[in-house]
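K.L.:
model this:
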Amino acid sequence: MFKVALIGCGNLGSRHLQALKLTNKELDITVCEPDEQAIKIAQERYNQVEGSSFRKTIRFISDYRELSEDIDLVIVATTSASRFSIAEWVLLHVNIKYILLEKVVFQSLDELDQFSDLLRNRAVKVWVNCPRRMFEFYKKLKSQIYGKSDINMTIQGVEWGMACNAIHILDLYRFLTGFTVCEYNNEKMFQGYYDSKREGYLEFYGKIELTTDKGKLILDCDKGDVATDRIIIQMPEEWIEIDESTREATIHSYEKEEVTERLSVDIKYQSFLTNIVVEQIINNGECELSIYEDSALLHKILLSCFLNHINKYTNVEVKKCPIT
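P.N.:
This next block holds a predicted model:
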């Protein structure tokens with residue numbers, strides 16, 4: 001049986017677990033979670049899923065250091081503060097083939113580099129879970145615009161979680177355009193920083209402009225009571241407005257100044273994605289998600305941007321960015 005270890009079964013981790021039950025492969029699943037309440041909720045959610053006809057075994061342990069020496073795939077779904085130490089321990093102590101990391105992957109530039117060094121002489125494949133590149137809508141859009149220039153993309157809205165979700169949008173823009181050069185401008189971010197809904201983590205607001213060799217990406221997040229967002233992609237002859245909350249997209253013509261087409265946008269939740277990723281890994285040794293080396297470059301851009309902003313308002317240089 002393909003051995004999977006899920007480290008962290010909180011809200012997102014429990015969704016990974018539900019999807020594992022759907023996998024059309026036989027799985028030996030170990031869930032590592034110290035919080036008894038989180039385990040209870042994860043077990044309830046796991047039992048809510050009918051699952052596939054392929055056999056699954058599952059056990060729960062409180063400490064990831066109790067993992068067996070041989071694991072095929074480890075999914076690290078903890079918050080970012082502990083993720084580096086966990087991923088490092090796994091690489092050093094477990095005979096492993098594949099790792100899937102949640103994001104924001106790590107909190108510092110040093111941790112990103114240290115993990116790259118750890119991977120250098122190991123035959124371990126690592127991916128980062130930014131799953132929009134798995135959605136059929138975006139795959140089709142990529143086939144139409146990849147490699148072209150003058151592709152500008154904006155995400156704008158209220159309370160969409162810039163600190164946590166900016167990496168998703170930057171990864172999507174990279175996926176769609178294939179940009180190789182990127183510089184940030186954070187002068188239009190709101191002054192200071194804000195407490196996140198998660199204790200011990202920060203949130204940011206305002207506007208970040210990223211200039212690449214394929215066009216511009218603008219991250220625009222305002223404060224408010226109700227979370228909203230839309231993605232706008234501007235191309236030389238037309239522009240697309242994407243509303244993932246309604247799963248609709250409209251194509252607008254500059255020349256005709258009207259909507260020329262309406263499209264549906266497929267949005268898959270994590271509880272219906274991890275099974276696809278696992279099946280791809282078992283069948284091909286690959287999956288559609290970003291490999292660590294590529295995602296680390298994108299993380300460095302955003303971490304540098306956020307740390308630069310934080311350090312404008314601190315007396316001591318901050319090197320770890322408390323976002324997750």
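
K.L.:
which residues touch residue 174?
P.N.:
290, 294, 298 (Cβ atoms under 8 Å, 6 or more residues apart in numbering). In this view, the C-beta of every residue, glycine as well, is placed from N, C-alpha and C.

K.L.:
how close does it sit to residue 260?
P.N.:
Distance of residue 174 to residue 260, given as Cβ to Cβ, to the nearest Å: 27 Å.

K.L.:
circling back to that earlier point, return the member of the contacts of residue 174 nearest to residue 37.
P.N.:
Distance to residue 37, by Cβ to Cβ, is smallest for residue 290 among the contacts of residue 174, at 32.0 Å.

K.L.:
ok, that closest one to residue 150 distance?
P.N.:
Distance from residue 290 to residue 150, by Cβ to Cβ: 24 Å.

K.L.:
more neighbours, those two?
P.N.:
Between residue 290 and residue 150, counted using other Cβ atoms under 10 Å, residue 290 has the larger neighbour count: 24 against 11.

K.L.:
ok, now how distant is the closest residue to that one other than its chain neighbours from residue 229?
P.N.:
Distances taken as Cβ to Cβ, 6 or more residues apart in numbering put residue 128 closest to residue 290, at 4.9 Å, once the chain neighbours are dropped. Computed with Cβ to Cβ, the distance linking residue 128 and residue 229 is 21 Å.

K.L.:
repeat for residue 203
P.N.:
Counting by Cβ to Cβ - residue 203 and residue 229 are separated by 14 Å.

K.L.:
try residue 71
P.N.:
On the measure of Cβ to Cβ, residue 71 and residue 229 end up 37 Å apart.

K.L.:
where along the stretch 151-300 of the chain do the strands fall?
P.N.:
152-158, 182-189, 194-195, 202-203, 206-212, 216-222, 228-234, 238-243, 248-253, 258-264, 290-291 (DSSP state E, counting those that start in this stretch).

K.L.:
the helix or strand hosting residue 28 pairs with which strands?
P.N.:
For residue 28, the element it lies in under DSSP states H and E is strand 27-32. In the sheet, strand 27-32 lines up against strand 2-7 (parallel), strand 56-61 (parallel) (DSSP bridges).
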